[in-house]
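**Student:** pasting the structure only:
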Ligand SMILES: C[S@@+](CC[C@H](N)C(=O)[O-])C[C@H]1O[C@@H](n2cnc3c(N)ncnc32)[C@H](O)[C@@H]1O
């Protein structure tokens, strides 16, 4: 029972206590309950708090049960109505009895609240409550589920007539949020991408299971589209994805190549270009391989399992025709937003029903389709300025390495971070590198970008824009604002962004919380321009080479953040 009393003491702690719920719980010495259980209870109950208050008030149990305070009632009624095992206390415990005595009344009021909202199921009700809470907090952003059509196996027209035959097409994201009929919106920026209402489960859909459709966030589709564009002619040369697991962007490249191959007059259906796709993590590379196979792209994608991109020799004859590279390295993940149930979800993390055993204990069977699992692991710790700098160093090295591939003419670099240091600052450092200057690399201008992305309005920035969001329960009483987007612990200091306005206009940004339905994301393209070749001072170059050892010693930051 200490669980509920402890939860109340956390919830009612004065604002001056400081810190988020999480830090207060995990750092406390006085709480007796398990921190994980306590945190889960508070977070889960907070998702339902407006409905629980409604039910408790309508059932009138606080007046009838002197032992129940409003907070205790909310937590206990939450577990009574919604937790799998009910209230975590012995059946004879007075608090448990104080709630269970009114179970018929409580259940009745809960059903009435659901019916009032026109929800057929508890899952629908949860979504409705989330929308009500968002609206009350002034956060009306909608995070739809994004579905990419895989042109290796099918096409948009075929999917509109099969998987989405019963869906009504709408013109805007807010129109998706009508529970009475299935709706979809064809994305205006990314070809072959559709948005459907959040929370739709595709795990049993034949198109999903056969790899005809792939669940992939819109922002995550920017890099491959930026790299390959609206090509009418097949891409010349081979392609490389240097940091590829679980494989969303590799399979997207495969889809774009297939589309062009099918549309070209040469009657080919298998693309001429080959894709080399790798991941330094052998475990994640297995998922990558599965995803490539599920997408039907084995014949033109080679997965190099456990391959560190930085250890590849750009002059290896296997890669002499690599003309396009996509780099989406590990990052802080600070742009990742909570979707559906407002917990933090990684880009393209499958619906709970699609999660593997590894992801969610032993309860769910692994689906046949190794769908897009997490692109990034969740950022677990607060982000220190030092850690950000290390990530930025590694990201810069990865892009610079890509610039050295002799046949490369086009490269994209992306992160799901909102931090300047991992984004525009990396572009700025890369452009200043010798390899960029001697080979004539510059930022892909907006007017050179594929049509859909040229119209994308959010562009590179010069100043940091860190966003904070909060989670509250009981109207925020005692809450100081839990920080869901990892804030940088230390002051940012001055971040050098030495980019022209034209360069910044060439960078693309996505931000959480606006009406585009996306998390934070960044992508920039680099193109090789003979006219931009700069002479590098030979002595300067030599010094750099001698100092190169130091760079190599940068601390390895792990594979995915
Ligand atoms: C953000 S995830 C990539 C997501 C992937 N592009 C997608 O769309 O599904 C970053 C990946 O980069 C890998 N990685 C990090 N450093 C690497 C390196 N030096 N060489 C190869 N892979 C690396 C990590 O293991 C991780 O799987």
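**Tutor:** Structure received. The structure displayed is predicted, hence computed values, not measured ones. Residues are numbered from 1 along each chain as shown.
**Student:** all strands for the stretch 401-550 of the chain, in order.
**Tutor:** 410-415, 441-443, 508-510, 521-528 (DSSP state E, counting those that start in this stretch).
**Student:** and these: which comes nearest the ligand?
**Tutor:** Proximity to the ligand, assessed across the strands of the stretch 401-550 of the chain by C-beta to the nearest ligand atom, is greatest for strand 410-415 (7.5 Å). Using the backbone N, CA and C atoms, a C-beta is placed for each residue, glycine as well.
**Student:** so how far is that closest one off the chain centroid?
**Tutor:** 17 Å (C-alpha atoms, centre = their mean, to the nearest Å).
**Student:** contacts only, for residue 503.
**Tutor:** Neighbour list for residue 503: 427, 431, 442-443, 460 [criterion: C-beta atoms under 8 Å, 6 or more residues apart in numbering].
**Student:** residues of the longest helix seen in the chain that come out buried?
**Tutor:** Ranked by number of residues, the top helix in the chain under DSSP state H is helix 35-59. For helix 35-59, the neighbour count (16 or more other C-beta atoms under 10 Å) marks 38-39, 41-49, 51-56, 59 as buried.
**Student:** in TSV, list the strands of the stretch 401-550 of the chain along with distance to the ligand and mean neighbour count.
**Tutor:** Shown next, in TSV, are those (distance: least, C-beta to the nearest ligand atom, whole Å; neighbours: other C-beta atoms under 10 Å):
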stretch	distance to the ligand	mean neighbour count
strand 410-415	8	26
strand 441-443	20	23
strand 508-510	15	24
strand 521-528	11	25
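**Student:** how about JSON lines for the ones you listed, with mean pLDDT added?
**Tutor:** As requested, those are exported to JSON lines (pLDDT from 0 to 100):
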{"stretch": "strand 410-415", "mean pLDDT": "98"}
{"stretch": "strand 441-443", "mean pLDDT": "97"}
{"stretch": "strand 508-510", "mean pLDDT": "98"}
{"stretch": "strand 521-528", "mean pLDDT": "98"}
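**Student:** is it possible to export the ones you listed to TSV including distance to residue 67?
**Tutor:** Below are the strands of the stretch 401-550 of the chain laid out as TSV (distance: least, C-beta to C-beta, whole Å):
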stretch	distance to residue 67
strand 410-415	51
strand 441-443	65
strand 508-510	49
strand 521-528	50
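**Student:** identify whichever of those strands lies nearest to residue 336.
**Tutor:** Residue 336 lies closest, by C-beta to C-beta, to one member of these: strand 521-528, at 9.4 Å.
**Student:** quick one: contacts of the closest one?
**Tutor:** Contacts for strand 521-528 (C-beta under 8 Å, 6+ apart): 219-220, 222-223, 226-227, 335, 399, 403, 408-418, 422-424, 427, 430, 436, 439-444, 448-449, 460, 506-510.
**Student:** give me the buried subset of those residues.
**Tutor:** Buried, going by 16+ other C-beta under 10 Å: 219-220, 222-223, 226-227, 335, 399, 403, 408-418, 422-424, 427, 430, 436, 439, 441-444, 449, 460, 506-510, out of the contacts of strand 521-528.
**Student:** show me which residues of the stretch 151-300 of the chain sit near the ligand.
**Tutor:** Where the stretch 151-300 of the chain comes near the ligand, counting by C-beta under 6 Å from any ligand atom, the residues are 220, 242-249, 278-281, 284.
**Student:** for the nearest residue to residue 274 once chain neighbours are set aside, what are its contacts?
**Tutor:** Excluding its sequence neighbours, the residue lying closest to residue 274 (C-beta to C-beta, 6 or more residues apart in numbering) is residue 238, at 4.6 Å. Residues near residue 238 by C-beta under 8 Å, 6+ apart: 273-276, 319, 321-324.
**Student:** in the sheet, who's paired with residue 238?
**Tutor:** Counting by DSSP bridges, residue 238 is bridged to residue 322.
**Student:** following element in sequence after the helix or strand that residue 74 is a member of, please.
**Tutor:** Assessed by DSSP states H and E, residue 74 sits inside helix 70-82. For helix 70-82, the following helix or strand on the C-terminal side (DSSP H and E) is helix 94-100.
**Student:** for that next one, which residues meet the burial criterion?
**Tutor:** Buried, per 16+ other C-beta under 10 Å, within helix 94-100: 95-99.
**Student:** chain center to stretch 316-333: distance?
**Tutor:** Distance, stretch centre to chain centre, for stretch 316-333: 21 Å (C-alpha atoms, centre = their mean).
**Student:** now do the end-to-end distance for it.
**Tutor:** 32 Å (C-alpha to C-alpha, to the nearest Å).
**Student:** of the contacts of residue 238, closest to the ligand?
**Tutor:** Closest to the ligand, out of all of the contacts of residue 238 and judged by C-beta to the nearest ligand atom, is residue 276, at 11.5 Å.
**Student:** which neighbouring elements make contact with the helix or strand that contains the closest one?
**Tutor:** In the assignment (DSSP H and E), residue 276 maps to strand 275-279. Helices and strands touching strand 275-279, by 3 or more C-beta pairs under 8 Å, 6 or more residues apart in numbering; DSSP states H and E, are strand 238-241, helix 248-263, helix 282-294, strand 301-305.
**Student:** pick the most buried one from those.
**Tutor:** strand 238-241 (a mean of 28; mean count of other C-beta atoms under 10 Å).
**Student:** averaged pLDDT, that strand. What do you get?
**Tutor:** Strand 238-241 comes out with an average pLDDT of 98.
**Student:** cool, stretch 206-219 as well?
**Tutor:** Mean predicted confidence for stretch 206-219 is 97.
**Student:** end-to-end on it?
**Tutor:** With C-alpha to C-alpha, one end of stretch 206-219 sits 25 Å from the other.
**Student:** give the buried residues for that stretch.
**Tutor:** In stretch 206-219, counting by 16+ other C-beta under 10 Å, buried: 207-209, 211-219.
**Student:** on contacts alone, who are the packing partners of the helix or strand hosting residue 400?
**Tutor:** Taking DSSP H and E as the criterion, residue 400 maps to helix 385-403. Using 3+ C-beta pairs under 8 Å, 6+ apart as the contact test, the elements touching helix 385-403 are strand 322-327, strand 410-415, helix 424-432, helix 434-439.
**Student:** tell me which of those sits nearest to residue 68.
**Tutor:** Per C-beta to C-beta, nearest to residue 68 of the helices and strands packed on helix 385-403: strand 410-415, 48.0 Å.
**Student:** what sits up against the closest one?
**Tutor:** Applying C-beta under 8 Å, 6+ apart, the set of residues contacting strand 410-415 is 222-224, 226-227, 323-329, 331-332, 335, 395, 399, 402-403, 422-423, 426-427, 430, 441, 444, 521-528.
**Student:** ok, back up a step: which is the next helix or strand following the longest helix of the chain?
**Tutor:** That would be, after helix 35-59 and using DSSP H and E, helix 61-64.
**Student:** what's that following helix packed up against?
**Tutor:** Secondary-structure packing of helix 61-64 (3+ C-beta pairs under 8 Å, 6+ apart): helix 70-82.
**Student:** go with 6 Å
**Tutor:** Applying 3 or more C-beta pairs under 6 Å, 6 or more residues apart in numbering; DSSP states H and E, one finds that helix 61-64 makes contact with no other helix or strand.
**Student:** what's the spacing between it and its chain's center?
**Tutor:** 44 Å.
**Student:** helix or strand for the spatially closest residue to residue 252 that is not a sequence neighbour, which one?
**Tutor:** Leaving aside its chain neighbours, residue 252 sits nearest to residue 224 (3.9 Å; criterion: C-beta to C-beta, 6+ apart). Element membership of residue 224 [criterion: DSSP H and E] is helix 222-228.
**Student:** now that helix: average pLDDT?
**Tutor:** Mean pLDDT, helix 222-228: 98.
**Student:** and the closest residue to residue 445 other than its chain neighbours, what pLDDT?
**Tutor:** Closest residue to residue 445 in three dimensions, ignoring its sequence neighbours and counting by C-beta to C-beta, 6+ apart: residue 506, at 5.1 Å. The model reports residue 506 with a pLDDT of 98.
**Student:** that concludes my questions; thank you for your assistance.
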